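Q: Make a model of this:
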Amino acid sequence: MNDMTVKRILAICVLLAAWELLPRVGAVNPLFIPPFSGVLSALADLNESGELARHTLVSLERALAGLSAAVVLGLPLGLILGGWFPRIQQAAEPLMELFAQANPVILAHIIIFFLGIGQSAKIFIIAWLCIWPITFSTITGLKTVDPGLIKAARSLGLGRGELFLRVVLPASAPSIFTGLRLAAGYAFIMLIAAEMMGASSGLGFLVIQSQESYNVTRIFAGASIITFFAVATDLLIKGVERRVVVWNDTASQDFLKLPRAVPEQS
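A: Model (predicted):
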């Protein structure tokens, strides 16, 4: 365990200790911020009644379905608009900027009109918010690839398709993963708003229901679980990124492994 990991664990412990102590000593009003032990007690009660598992599974299904839809749509869209198809990009860019500014919560009545208040509408709202960081991060990644890498790869005789797959896409992968991490965070942030729309289950519904009855410990319990899954998803994507992204500061050396399409002249 390295020093950074130890520091992070200590920071979390300090936060939890402060969360427990400050409401108990009256530094903050426990009616607004209950002690951490009270939140744990609420989680235990929810788990015992079976509500926690039921709401969590429903919310995970919605959040992950919306995020997956955003990846399936946003990643190809970003690749298309990332500069390799300049005419399509120039034509679509103003429209994309307009769509990106459209808040799905504000357009909820229109979404309900077309999709109803069921699962599809909730997944659509989450996917709509998640698609844009993926798309724009992909575009940024493709546009900021080092021209020297592209020039060096072309000098080895790589065609357009092979150049894209073997050079451009790996070089832009860090930016793409940044967009995926942002989108994962947005998916869980948007979960509560999506579950305001006629939901009868889910962590967002649990938070809204607890808010109406002013059950603060249940509010914090639901919000804590949502936060936990947001952080866990972010860590998962970071772990995948470490395994997938092999393009680094020594990437120029990798060109030595590329096949030469043009024979060397003696």
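Q: switch to C-alpha atoms for all contacts and neighbour counts from now on
A: OK.
Q: Identify the residues contacting the spatially closest residue to Pro76 that is not a sequence neighbour.
A: Nearest in space to Pro76, with sequence neighbours left out and distances taken as Cα to Cα, 6 or more residues apart in numbering, is Thr135 at 8.0 Å. Taking Cα atoms under 8 Å, 6 or more residues apart in numbering, we find Thr135 in contact with 74-79, 179.
Q: Spit out the contact partners of the residue nearest the centre of the chain.
A: In the chain, the centroid-proximal residue (Cα atoms, centre = their mean) is Ala184; its distance is 1.6 Å. Ala184 makes contact with 67, 130, 230, 233-234, according to Cα under 8 Å, 6+ apart.
Q: Of all the residues in the helix or strand hosting Gly74, which ones are buried?
A: Applying DSSP states H and E as the criterion places Gly74 in helix 51-80. For helix 51-80, burial by neighbour count (16 or more other Cα atoms under 10 Å) applies to 51-52, 55-56, 59-60, 62-71, 73-75, 77-80.
Q: Mind giving me the packing neighbours of that helix?
A: Packing partners of helix 51-80 (3 or more Cα pairs under 8 Å, 6 or more residues apart in numbering; DSSP states H and E): helix 36-49, helix 119-143, helix 169-194, helix 203-212.
Q: right, and those helices - which one's nearest Phe113?
A: helix 119-143 (9.6 Å; Cα to Cα).
Q: which parts of that closest one are buried?
A: So for helix 119-143, counting by 16+ other Cα under 10 Å, buried means 119, 121-143.
Q: wait, what's in contact with Lys122?
A: Lys122 makes contact with 62, 194-195, 197 under the criterion Cα under 8 Å, 6+ apart.
Q: Most neighbours of all these, which one?
A: Among the contacts of Lys122, Ala194 has the most neighbours (other Cα atoms under 10 Å), with 29 neighbours.
Q: Return the distance of the residue lying closest to Ala121 once chain neighbours are set aside relative to Leu67.
A: Excluding the flanking residues, the one nearest Ala121 by Cα to Cα, 6+ apart is Leu115, at 5.4 Å. Going from Leu115 to Leu67 by Cα to Cα, to the nearest Å gives 18 Å.
Q: List phi and psi for Asn102.
A: Let me fix one detail, which is that residue 102 is Ala and not Asn. Backbone geometry at Ala102, expressed as degrees, to the nearest 10, gives phi -80, psi 110.
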